[in-house]
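In: structure here, sequence nowhere to be found:
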């Protein structure tokens with residue numbers, strides 16, 4: 001029987017984790033998501049010019065997801081295969097870089113710290129301005145507690161689709177002939193599609209419906225596994241599970257509510273409340289119990305939970321490879 005993760009795959013996963021932790025995604029470096037975003041924009045612009053039919057637009061939305069997700073997997077596999085044909089080490093190095101580009105651990109940490117630094121210096125204007133780079137809500141009138149809540153919610157919501165989801169599919173890919181890069185890039189493509197066109201509001205209602213549902217289904221399992229992992233490492237599994245069962249389904253998203261609630265319950269804080277988007281106030285359901293306030297240290301605890309959860313999954317995946 002073949003190993004769950006062979007030696008090269010283990011090197012890829014460990015190398016990618018280390019590269020993301022040390023380097024992340026520097027702004028001036030090219031990134032696969034940039035190419036995905038360019039293709040999505042060109043495709044949707046052409047679709048909007050071509051038809052006004054809701055039925056046709058839904059069909060184009062399905063085609064968009066199939067082409068981008070499937071194409072990302074094929075391109076990732078092909079690039080690594082060609083590089084390996086030149087030299088095995090070249091293929092190994094390229095796969096490390098491609099898989100690392102799918103992890104957002106360092107980027108999420110840097111984004112949080114980018115806002116926390118001026119906030120700790122009591123420079124609310126600068127903290128609001130920096131926060132606006134990372135969130136969709138209006139930030140110009142937020143006070144300190146609301147800025148901290150926004151940062152915490154951003155970290156908690158993006159931890160699954162930006163960190164644990166890509167790792168899950170990289171581990172699955174490592175156990176198949178497709179490899180880690182292929183499936184991690186495919187998941188990243190689905191996540192990028194959801195963030196760009198997966199909206200219920202016009203003009204993406206029809207062209208984005210399939211992308212949103214497809215990403216929801218891909219994320220469902222890693223999200224629940226993340227919630228279970230957080231419940232276990234929190235030391236209060238029953239409390240975390242009870243709060244998630246009580247509150248998470250109140251969020252309209254089948255995954256982000258569970259992700260945010262799991263982190264909130266693990267750290268004893270409450271998320272949700274009023275947010276304004278372009279002047280329109282929307283009320284998100286309250287999740288978790290406010291045992292303590294959200295502070296900069298709580299946000300850093302959330303980031304530490306991310307790293308621990310990531311390393312735990314990575315260690316378990318590599319350990320299984322030794323006993324399979």
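Out: Received, thanks. Just so you know, these numbers come straight off a predicted model, no measurement behind them.
In: which stretches of the stretch 51-200 of the chain form helices?
Out: 54-86, 88-102, 105-120, 124-131, 144-159, 165-174, 180-197 (DSSP state H, counting those that start in this stretch).
In: and the shortest one, what's its mean pLDDT?
Out: In other words, helix 124-131. Mean per-residue pLDDT for helix 124-131: 96.
In: what packs against it?
Out: If you count contacts as 3 or more C-beta pairs under 8 Å, 6 or more residues apart in numbering; DSSP states H and E, helix 124-131 packs onto helix 105-120, helix 144-159. (Glycine included, C-beta is placed from N, CA and C.)
In: residue 250: which of the ones you listed is closest?
Out: Among the helices and strands packed on helix 124-131, the nearest to residue 250 by C-beta to C-beta is helix 144-159 (14.5 Å).
In: and the angle from the closest one to helix 180-197?
Out: Here helix 144-159 points in a direction 130 degrees away from that of helix 180-197 (axes from the mean of the first three to the mean of the last three C-alpha atoms, to 10 degrees).
In: count of neighbours near residue 216?
Out: Residues contacting residue 216 under the criterion other C-beta atoms under 10 Å number 17.
In: and it, how far from residue 108?
Out: Separation of residue 216 from residue 108 (C-beta to C-beta, to the nearest Å) stands at 21 Å.
In: ok, the closest residue to residue 243 other than its chain neighbours - contacts?
Out: Spatial nearest neighbour of residue 243, chain neighbours left out: residue 265 (3.9 Å); criterion: C-beta to C-beta, 6 or more residues apart in numbering. Residues in contact with residue 265 (C-beta atoms under 8 Å, 6 or more residues apart in numbering) are 231, 234, 239-240, 243-244, 287-289.
In: re the thing from before, out of the helices of the stretch 51-200 of the chain, which comes closest to residue 280?
Out: Using C-beta to C-beta, the nearest of these to residue 280 is helix 144-159, at 16.5 Å.
In: now, of the helices and strands packed on helix 124-131, which is deepest in the fold?
Out: For the helices and strands packed on helix 124-131, the largest average neighbour count (mean count of other C-beta atoms under 10 Å) is found in helix 144-159, namely a mean of 22.
In: if you average pLDDT over that helix, what comes out?
Out: The average of the pLDDT scores along helix 144-159 is 96.
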